[in-house]
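Enquirer: Task: produce atomic coordinates for the following.
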Amino acid sequence: MNSTQLKRSLLSLALLSLLGASLHVGAAEPSAGAQKAAAKPAAKPTKAAKKAEVKAPVVVPLAEASAEQLEAAKRAYLGRYDCEFKQSIELEPHATAAGYVDVKYLKQVFTMKPVLSSTGALRLEDVTGRTLMIQIANKSMLLDTQVGQRIVDECLHPEQRTLIDLARAAAAAAAASGIDLSAVNGLGITPRVEKP
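Expert: Numbers count the residues shown, from 1 in each chain. Below you'll find the predicted structure:
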């Protein structure tokens, strides 16, 4: 090795040792107390605090409700719905926007726009596009439209229970009077047989 190469090697070593020393000066070891504090997890909220915590609805600017939307909102059953697996949902009018309702499920609140469908079902469409609630005569259900599955099903409002009881009473009265209901399906549509 000649003297020029030796000088370069020594200069490289000197620079590396200076660079390494400057890196260690800024990185002091944390104290034992700081290490324990960092390792300790944060305190968990109590069960009462978890129950009291209800997520606020996502803030989306709401358009002024049309006459059709206001009419549809009148048809939404407000209050508590008892659902399958001992779950429940709550519907209440939106606090500031007429024609909208808030659907509460677990700790979530969905702001919904009521829409009447051509079949008579009431669709409550989430303004964020995430969920959809369907209200028909004999039950309601909450759906996750992004995943494509039901969140909760078999939800009954007291008004729906009344309609179910009335339908059962009407069927029993029809059967007692000798009317054959076997050709009538659950939608109230009687099939018609056309003669050739």
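
Enquirer: Run through the bridge partners of the residue lying closest to Glu71 once chain neighbours are set aside.
Expert: Excluding the flanking residues, the one nearest Glu71 by CB to CB, 6 or more residues apart in numbering is Leu116, at 7.2 Å. Yep, even glycine has a C-beta here, placed from its N, CA and C like the rest. For Leu116, the beta-bridge assignment (DSSP bridges) gives partners Leu122.

Enquirer: Any figure for the gap between Leu116 and Thr131?
Expert: 18 Å (CB to CB, to the nearest Å).

Enquirer: Please enumerate the helices of the chain.
Expert: For the chain, the helices defined by DSSP state H cover 3-26, 32-39, 47-52, 67-75, 158-176.

Enquirer: tell me, how many neighbours does the residue nearest to Glu71 end up with?
Expert: Counted with other CB atoms under 10 Å, residues neighbouring Leu116 total 15.

Enquirer: For Ile136, see how far away it is.
Expert: In terms of CB to CB, Leu116 sits 12 Å off from Ile136.

Enquirer: Which residues are in contact with each of these two?
Expert: Contact criterion CB atoms under 8 Å, 6 or more residues apart in numbering; residues shared by Leu116 and Ile136: Leu122.

Enquirer: Please point out which parts of stretch 99-109 sit buried.
Expert: Applying a neighbour-count criterion of 16 or more other CB atoms under 10 Å, one finds 99-105, 108-109 buried in stretch 99-109.

Enquirer: And the pLDDT at the closest residue to Glu159 other than its chain neighbours?
Expert: Nearest residue to Glu159, sequence neighbours excluded (CB to CB, 6+ apart): Tyr77, at 4.9 Å. Looking at Tyr77, its pLDDT is 96.
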